[in-house]
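Participant: Sharing a model prediction with you, sequence too.
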Amino acid sequence: MMTALAPSPATDGTVAPVLRAARLCKEFGGVTVLSDASLDIRPGEIHAVIGENGAGKSTLMRLLSGYLRPSEGELRMDGAPIAFHAPSDAQAAGIALVHQEILLAEALTVTENIFIGREITRFGRLDERAMREAAAAQLAEIGCKASPRALVRDLSLANRQLVQIAKALLGTRRVVIFDEPTAVLTHDEVDPLLDIILKLKQRGVAILYISHRLDEVERLADRVTVLRDGRMVGTYDAEGLTPRRMASLMVGREFSSLYPPRLERELTEPALEIEHAHVPGFVKDVSLTLRKGEILGLAGMIGAGRTELFEGLLGLRAASFGAVRLHGKPVHFASPAQASAAGFGYLTEDRKGKGLLLDERLAPNLTLAALDKVHPFAGLDVAGEAQLLDRAVASYDIRLRSLDAKAGQLSGGNQQKLLLAKMMLNDPSVIVIDEPTRGIDIANKSQIYVFIQSLVREGRSCIVISSEMQELIGLCDRILVMRSGRINGEVTGDAMSESNVALYATSSVASEEASRENAHG
Amino acid sequence: MADVAAAPPRTQQNWSIGWGDAGPFLALAALVLIGFLINPDFLSANNIANVVTRSAFIAIIAIGATFVISSGGLDLSVGSMAAFITGVMILFMNWVAPSVGTAAIPLGMAVALVTGIACGLLNGTIVTVGRIEPFIATLGTMGIFRAFITYMTDGGTVAIDRSLRDAYRPVYFGDVLGVPIPILVSLAVALVGAYVLYRTRYGRRCVAVGANEDVARYSGISVTRVRTLAFVIQGVCVAIAAICYVPRLGAATPTTGLLWELQVITAVVIGGTALRGGRGRIWGTVAGAVILEFIANLMVLSDFVSEYLVAAVQGVIIIIAMLIQRMSKR
Amino acid sequence: MADVAAAPPRTQQNWSIGWGDAGPFLALAALVLIGFLINPDFLSANNIANVVTRSAFIAIIAIGATFVISSGGLDLSVGSMAAFITGVMILFMNWVAPSVGTAAIPLGMAVALVTGIACGLLNGTIVTVGRIEPFIATLGTMGIFRAFITYMTDGGTVAIDRSLRDAYRPVYFGDVLGVPIPILVSLAVALVGAYVLYRTRYGRRCVAVGANEDVARYSGISVTRVRTLAFVIQGVCVAIAAICYVPRLGAATPTTGLLWELQVITAVVIGGTALRGGRGRIWGTVAGAVILEFIANLMVLSDFVSEYLVAAVQGVIIIIAMLIQRMSKR
Amino acid sequence: AEKKTIAVSIPAADHGWTAGVVYHANAAAKEINKAFPELEVIVKTSPSASAQVSAIEDMSATRKMDALVILPHSSEELTTPVKAIKDKGTFITVVDRGLNDPKIQDLYVAGDNVAVGYNTAQFLVEKMGGKGNLVVLRGIPTVIDDERIKGFKDGIAGTDLKILDIQYANWNSDQAFKLMQDYLAKYPQIDAVWANDDDMLLGVLEAIKQSGRKEIKFALGGNGMKEIIEKVMAGDAMTPVETPYPPSMIKTAIYLTAAHFAGHAPVRGSLKLDAPLITKANAAEYHFPDAPF
Ligand SMILES: Nc1ncnc2c1ncn2[C@@H]1O[C@H](COP(=O)(O)OP(=O)(O)OP(=O)(O)O)[C@@H](O)[C@H]1O
Ligand SMILES: Nc1ncnc2c1ncn2[C@@H]1O[C@H](COP(=O)(O)OP(=O)(O)OP(=O)(O)O)[C@@H](O)[C@H]1O
Ligand SMILES: [Mg+2]
Ligand SMILES: [Mg+2]
């Protein structure tokens, strides 16, 4: 169904562009990751940039906002050539970037982070109050409930992302670039943010918007630029561009279905039983059972305590359990090492902070959690390790420019696949994946879903923690919904709908009603 | 979005000493108690005044070090810098004293400050522009300052001119309303330091640079300038300490200030500043300096410890003080 | 998953010295060249052998320090630990010599190793279990070790028993095929060290812990165990250095090992290991130790530098060496 | 009667000689505390001049001191603080390094650092016929070091003995070992070596032994270390003489101070210990087999 959707000429349009990039190229150490990228952004426009993981979207955005300097090409602002030597130059010109990665100083408070480099003073003295109030107002506007006094270290990923957005939005802005702002947000937090973006648009701000959530793109974008493998595919009017069409432009072929067909099977034998789990401050009296071969979804809003439940189980935080049984055998894990030895694998939601050594090459990252398995003898089996990496790159479809790359140089999606490969080296029989597709493009997502399904087909059992309800509904056999540290409800079969999950996730009163309704009908 | 107003419980933390920062003060209190039990003379006004006065040097230098360390640096050269500044100052005063009389003293103080600024600038430039690990850079300048003072004094000692000695004496031995002057000076330095670190743009940026250099840079902060300035502040503090120090010992020798750097860093860390940067505690630092001096004092006042084991007991006490400090944090 | 076949390139880098790591060796080469220009005697076989032999102690200890530092720690106690181990070893040998004769030497070596392990374990435990900043923890144990040896020897010198001296002498002064034994020992330690750090599971874990503690912990690595073991390795290295050291002067004195910690850390950092952890370079460390000893040697062999200024020139050269090292990295 | 307190303030044992001082001070304290019940001797060591100032301040602030026996880290830095204690009526005994103001002390016991250098130099002049190449190792830049070097230079003045090189080795045997190795590499002909302290001499001797060089006739030290005295007693060719600078002077000073209180006549004045050459003939007088130094 290739409709005649001609790329819109980059220079048409009635409004003069604020920012225009012409034939930008970027190389890292001789490897070209972006070539010949041209686009323009007009005031009052939301311009989406989409592409697969590693397509070069973030690189392009960094070029536009002074974090990187182009190897070739030119930037023009209001028609005049301009060069940014540092991000502060771009900021001074009114261009702000909301990073894909969280770039905040963890040891400082929210307010301090928001005002780094542009502190408000009165007679040379910091005006804490003014800053705190401005920060609170900005946070409130984008729907972030974090306290301005909180240390960033103590915030959840989602709140960090919101703080980062608040930081970027503060001040006069002509161009705001959002690089996957919603990747770590839950359903409830996305809507206020999108409203803000639309408001900015109405104020005449030019907006660049990157997301792998194509429905958001469809909702917001006026024009869409598609990148593939570091090259421009084209810029299109959003009018009539369906998510499915966007997906096929991104991957260069027709794209069919996101979720694999549901498996029909009998699930009886318990694989993991948790009884009366308490994690002080986070989880209160949670009990759950995962059956062998099951994909169990764990839904909830930020702060529901899902991550903490499993960190407690792994011995990474103080926690108490009535009982934990793995395949019927009582277990107690004092450390992640014991857990993985018992066949339990947990994949963290924070891949940069807790998952990968960003400055280390790929092979050591891959084998870090399974050193005893991969290297059974005293010395490292370097050749074997290289083979493992080759195999992981092939079977998880990790896209990279060089096998000597550092993990931090991979695009987000490929980092996630590397992490999956890292976990699977330990051959776990029960797997918990926290946010499996955060920041992952649609094609990769579908690969990961297929992968998860293949895991349970092999007889493993899997818990998927996700803030994307769609994903849980499309993938899971059953969904437990957590709220404020408790299991607030369970949905199965035909009851698995966004509205039901959302109900349990947000309201305890509603949950009782809903469960009654479910019971009756 | 409605309920953002219902802000989370906010503790009153207006003048940056929260409960979590009480560690060094608890350790200090514990030490004072132990001291009193060991030897009641410990709490005599005279002894306390002596000890606190003495701790002033380390405290003043350590306040500067709080800036350097919280900005993510480290300065090992402070001890030799103190010796160097003392030497320069005394030589200068002795040189001008015959012509200007006691006016040599304020002039000497000015020279000390200028020298301190220059030394700090040197350290800061090597670290930031040369991009050399502060540990190594300041280890290098430590040798340089120490050698200069040795060279200037021909390997010996320079004593302050007899004609100046009495006029200068009150700077260490005098008091205002019974409070010894060095204590007043160090309180003043701490007040200014706390104001700068907690209440000015520079202080905020200093900590930000220490917390995350990239974030600071991306936010348009000149990391180079902030770090260099921290070293300059350190230089000024060393100069102030040297100015107070001269009348006490009346001379600069090549061993003046030996190993002060270790005491200074220990005071800063005991005080709750993070050695990795991103967190500075001026009042904690002051408490840390007093703690160290109290420990040394206790060693002299108590009679159970063999002379040979003093260092061991000090080591143990420092570790215990750190444990107390840590424990109170969680 | 279609078009993955075109595998990305992989450069050949099998034995972990890449070009980016050449810095310390370039600095060393520059130094040798300058040395030769200043005084051709510098390159006499005798002088080179002396200097390299001398650098063996620092090199051996610094190899241990490479583990500690790359795992994110720091050990300031190595100098006093060396003195302590030397003292314990000599006292023990003198005690058993009358009954077992020269068999006292291997027994003494065993005692030295056990003492080293114990000291390392103490440091490691305080740092990991006590969760105390390594800088402060090892500053404390530095005082403790130094005090113990002073106490055991009544503040004085313990010399090795005359009956053992000649039997033990070759360990420092002997050679195999013309290569002095300390050089062989330090090469052996470096080879083992490089193997452990680059080619074993433990080495991987050590660097991972230094690079990001959280990642290491989530990957099932026991951070406590890895860090503690790094300190134990440090202890073993200090013991080996002490074993080679004893025959050199035949005695432990209160000045044995004084300020070695600074030399050791300098050697490690000049060698390219990151002081913040996460990156260790054994061969660079060895080069760093040799560089330091060459600098000291050059100071004596050259005639331009006043004896008073030696420390200054050393400081400057160290900073320049770091600059060369840095420059070659980018 | 009331117990009299004698406080002893000395440097911490940071090298051989100071270690000897600590040993002798502790020994004197033990003996006197046992022999004279009416006296109490307390010994405090300090690692630096400023620590020493602190220590005497602390002692005078918290206890009644009847006498202070002090071996100052440095003269200038201790003068004012000791004077403050004197002003309270304390009996002051100064050992080794004089204070800047001799009026402060009641009793002064000291060695003669200039003589240590001078007598050694004279010996070399005589034995070498006033001709030859010397290398010198000096300690830590302080007055003691300066005086010894000055005495030595005066001693060879006007002869053809030439000092090829002079460098600091910090009174540390290790550093002396390295420095001597370097001297040997640098100078093909060295006739004699003087290390102004015996700790350093130990390192020098090892380096010479290792080099196998034969032209060096003398390697001399100073201070009277046990090991070196033993060499002299044994008639060592390279180290046939030694100059005393006995750390036991602290013991002498403590005993004299004790005598002031326990004895019948007041003790005052100044006692300068000579630094005569120790030779094989008189070495036994200077040998204390039990002392650590
Ligand atoms: N600093 C760097 N050095 C080397 N290669 C880099 C660097 N930064 C990015 N790359 C490479 O450039 C390519 C594009 O990366 P980029 O981050 O722009 O992708 P992206 O489109 O934003 O992907 P994602 O959707 O996963 O965020 C990737 O192959 C990545 O490995
Ligand atoms: N180190 C910490 N100290 C204090 N509070 C924290 C800390 N880490 C997280 N929190 C808070 O704990 C709550 C739980 O956060 P977390 O995001 O981990 O929960 P979750 O259920 O896993 O949610 P999600 O995975 O959807 O983000 C949040 O309110 C968060 O702000
Ligand atoms: Mg990206
Ligand atoms: Mg979570």
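Facilitator: Happy to help now that I have it. Numbering: from 1, shown residues only, chains lettered A, B, ... in the order given. Ligands and ions are numbered 1, 2, ... in the order given.
Participant: going forward, measure contacts between C-alpha atoms and count neighbours the same way
Facilitator: Will do.
Participant: Let me see the ranges of the strands in the stretch 101-250 of chain A.
Facilitator: A:121-122, A:125-126, A:175-179, A:206-210, A:223-228, A:231-237 (DSSP state E, counting those that start in this stretch).
Participant: typo on my end, it should be chain D
Facilitator: Secondary structure of chain D (DSSP state E): strands at D:4-11, D:39-46, D:67-70, D:91-95, D:107-110, D:131-138, D:160-168, D:192-195, D:218-220, D:269-272.
Participant: Now do the contacts for the residue in chain B that chain D sits nearest to.
Facilitator: Closest residue of chain B to chain D, CA to the nearest CA: B:Leu249 (4.0 Å). Contact analysis of B:Leu249 by CA atoms under 8 Å, 6 or more residues apart in numbering or on different chains lists D:50, D:76-80.
Participant: Could you pull up phi and psi at it?
Facilitator: Main-chain dihedrals, B:Leu249, degrees, to the nearest 10: phi -100, psi -20.
Participant: Check the spacing between it and ligand 1 real quick.
Facilitator: Separation of B:Leu249 from ligand 1 (CA to the nearest ligand atom, to the nearest Å) stands at 56 Å.
Participant: Which residues are in contact with whatever residue of the stretch 201-350 of chain A ends up closest to chain B?
Facilitator: Chain B sits closest to A:Ala318 of the stretch 201-350 of chain A, with a gap of 13.3 Å, by CA to the nearest CA. By CA under 8 Å, 6+ apart, the residues touching A:Ala318 are A:279-280, A:312.
Participant: Inside strands: which ones of those residues?
Facilitator: A:Val279.
Participant: Tell me the one among the contacts of A:Ala318 nearest to ligand 1.
Facilitator: Ligand 1 lies nearest to A:Gly312 out of the contacts of A:Ala318, by CA to the nearest ligand atom, at 29.9 Å.
Participant: So the closest one is in contact with A:Ala319, correct?
Facilitator: Yes. With contact defined as CA atoms under 8 Å, A:Gly312 and A:Ala319 form a contacting pair (5.1 Å).
Participant: near chain C at all, stretch B:145-154?
Facilitator: Yes. Using CA under 8 Å from any CA of the partner chain, stretch B:145-154 reaches chain C at B:145-148, B:150-151, B:154.
Participant: So which of the residues you listed reach chain D?
Facilitator: Answer for those near chain D (CA under 8 Å from any CA): B:Thr150.
Participant: From the residues of stretch B:145-154 next to chain C, which land in helices?
Facilitator: By the criterion of DSSP state H, membership of these in helices covers B:145-148, B:150-151.
Participant: ok, back up a step: any shared contact partners between A:Gly312 and A:Ala319?
Facilitator: A:Val279.
Participant: State the mean pLDDT of the helix or strand harbouring A:Lys26.
Facilitator: Assigned by DSSP states H and E, A:Lys26 belongs to strand A:19-28. For strand A:19-28, the mean per-residue pLDDT is 89.
Participant: Repeat that for stretch A:254-274.
Facilitator: 83.
Participant: which parts of chain B sit against chain C?
Facilitator: Checking chain B against chain C by CA under 8 Å from any CA, the hits are B:130-133, B:136-137, B:139-148, B:150-151, B:154-155, B:266, B:269, B:275, B:308-316, B:318-319, B:322-323, B:326.
Participant: picking up where we left off before, parallel or antiparallel, which strands does the helix or strand just after the strand holding A:Lys26 pair with?
Facilitator: Toward the C-terminus, strand A:19-28 is succeeded by strand A:31-41 as the next helix or strand (DSSP H and E). Here strand A:31-41 has these sheet partners by DSSP bridges: strand A:19-28 (antiparallel).
Participant: So whatever residue of chain B ends up closest to chain A, which state does it fall into?
Facilitator: Residue nearest to chain A within chain B: B:Gly220 (4.5 Å; CA to the nearest CA). Secondary structure, DSSP: H, G, I helix; E, B strand; the rest coil: B:Gly220 is coil.
Participant: which one of the strands of the stretch 101-250 of chain A lies closest to chain D?
Facilitator: Going by CA to the nearest CA, the one of the strands of the stretch 101-250 of chain A nearest chain D is strand A:125-126, 38.7 Å.
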